[in-house]
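Visitor: Any chance you could fold what I've pasted below:
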Amino acid sequence: MRSSIALLLALVSVSAAGGARVERSGPSLRVASGTVQAGGAVVARVTGAAPMVRLRVFLQVYPLVGTKPVFVGSVVAGPRGSARFVFHLPLLRADVYRPALLVGSRLVAGRGLLSVAARPPAGFGPPGAPGCAPESPSSGRDIFGTAAGAELWALPFAAAGEGGAATLAGVVGKETKIVFRMTSGVPRVFYAVAPDGTRIVPVWAEPHVGSSWSRPGSEWGAGFVFDTVGCWRIHAGMPPSSGDLWLSVVS
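Guide: Prediction:
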């Protein structure tokens, strides 16, 4: 994942012809959509602003759900109305954010989205990575996925391995039930990838209405058949949020 991402913020000015007064349209912002981690450097560029005016930059949860915007810093536009601004992403929950400028008493939202990477909670190891190096971390019961813009969790109905890693035993060739939760909602994109790269769809999948499992997010269940040992990837996507589970199937 990239630890830094460039923001391009554009404020457009429109001049009236014939020496009439200059009118400025409402500010517009643009962000290069991508994944960013807490503490990562964010480079912002401002153009078309009123010269020598201080601009306050915020991040808003997308879509807006009533949460308070997060102030990330301010920058003064130069004589030509442009500026370069670098800030470090604060410690934010795994969600999707868009940039915004405070103009007078109102926030003007920008274009493009930043997906903040999910951080493993206490008691879990580092996020899983391709090739199961490492596997997704596990509590011995549930599994924490590698996700951006949301948290992804899994609860397999199968024997789990030891050592805090997501391993499954005794599942090859059998239908294995797994319950999932994702904070961005039940995903529109959902599949598994076998060790040889073959994409596998679930035998069945259905949303759950109620559950005693206490992890956050919308819940659904699915059945997969793992037909070989090796590193399996389960992908869940609710763009712009997405996540992966890296599972070692050992038998």
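Visitor: centre of the chain versus stretch 40-58, how much separation?
Guide: With CA atoms, centre = their mean, to the nearest Å as the basis, stretch 40-58 stands 24 Å off its chain's centre.
Visitor: Okay, buried residues for it please.
Guide: Neighbour counts over stretch 40-58 (16 or more other CB atoms under 10 Å) mark 40, 42, 44, 46, 48-49, 55, 57-58 as buried. C-betas here are computed from N, CA, C, even on glycine.
Visitor: ok, now stretch 133-150?
Guide: Buried residues in stretch 133-150 (16+ other CB under 10 Å): 134-138, 142-150.
Visitor: just the residues you listed now: which is nearest V36?
Guide: Nearest to V36 out of the buried residues of stretch 133-150 is A148 (CB to CB; 8.3 Å).
Visitor: Could I get the contacting residues of the closest one?
Guide: Neighbour list for A148: 1, 35, 94, 115-118, 241-243 [criterion: CB atoms under 8 Å, 6 or more residues apart in numbering].
Visitor: What pLDDT is listed against it?
Guide: Note for A148: predicted pLDDT of 97.
Visitor: now do the one 3 residues further on
Guide: E151 is assigned a pLDDT of 98 by the prediction.
Visitor: quick revisit: would a markdown table of the buried residues of stretch 133-150 with distance to L101 and secondary structure be doable?
Guide: Formatted as a markdown table, those follow (distance: CB to CB, whole Å; DSSP: H, G, I helix; E, B strand; the rest coil):
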| residue | distance to L101 | secondary structure |
| --- | --- | --- |
| P134 | 41 | coil |
| E135 | 42 | coil |
| S136 | 38 | coil |
| P137 | 38 | strand |
| S138 | 42 | strand |
| D142 | 40 | coil |
| I143 | 40 | strand |
| F144 | 35 | strand |
| G145 | 34 | coil |
| T146 | 32 | strand |
| A147 | 29 | strand |
| A148 | 24 | strand |
| G149 | 22 | coil |
| A150 | 26 | coil |
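Visitor: List the residues that contact the closest residue to P69 other than its chain neighbours.
Guide: In this structure, P69 finds its nearest non-sequential neighbour in F58, 4.1 Å apart by CB to CB, 6 or more residues apart in numbering. By CB under 8 Å, 6+ apart, the contact list for F58 reads 69-72, 99-102, 107.
Visitor: Go through those and name the one nearest S214.
Guide: Closest to S214, out of all of the contacts of F58 and judged by CB to CB, is V70, at 26.9 Å.
Visitor: any weak-confidence spans in the chain?
Guide: For the chain, the stretches with pLDDT under 70 are 1-28, 160-163.
Visitor: and it, what are its domains?
Guide: 5-116, 130-249 (automatic domain parsing).
Visitor: quick one on the thing from earlier: in strands, which of the buried residues of stretch 40-58 fall?
Guide: Among these, the members found in strands (DSSP state E) are 42, 44, 46, 55, 57-58.
Visitor: quick revisit: between the contacts of A148, which is closest to R233?
Guide: G243 (10.6 Å).
Visitor: which residues touch D196?
Guide: Per CB under 8 Å, 6+ apart, neighbours of D196: T228.
Visitor: my bad, should have said G131
Guide: 231, 246 are the contacts of G131 under CB under 8 Å, 6+ apart.
Visitor: Make sure it is indeed in a helix.
Guide: Yes - under DSSP: H, G, I helix; E, B strand; the rest coil, G131 sits within a helix.
Visitor: let's have the chain start at 230 instead
Guide: That works, and once the first residue is 230, the last one we named lands at G360.
Visitor: Would you mind measuring from it to S470?
Guide: From G360 across to S470, the span is 23 Å (CB to CB, to the nearest Å).
Visitor: Same check on V438?
Guide: From V438 to S470 the distance is 22 Å (CB to CB).
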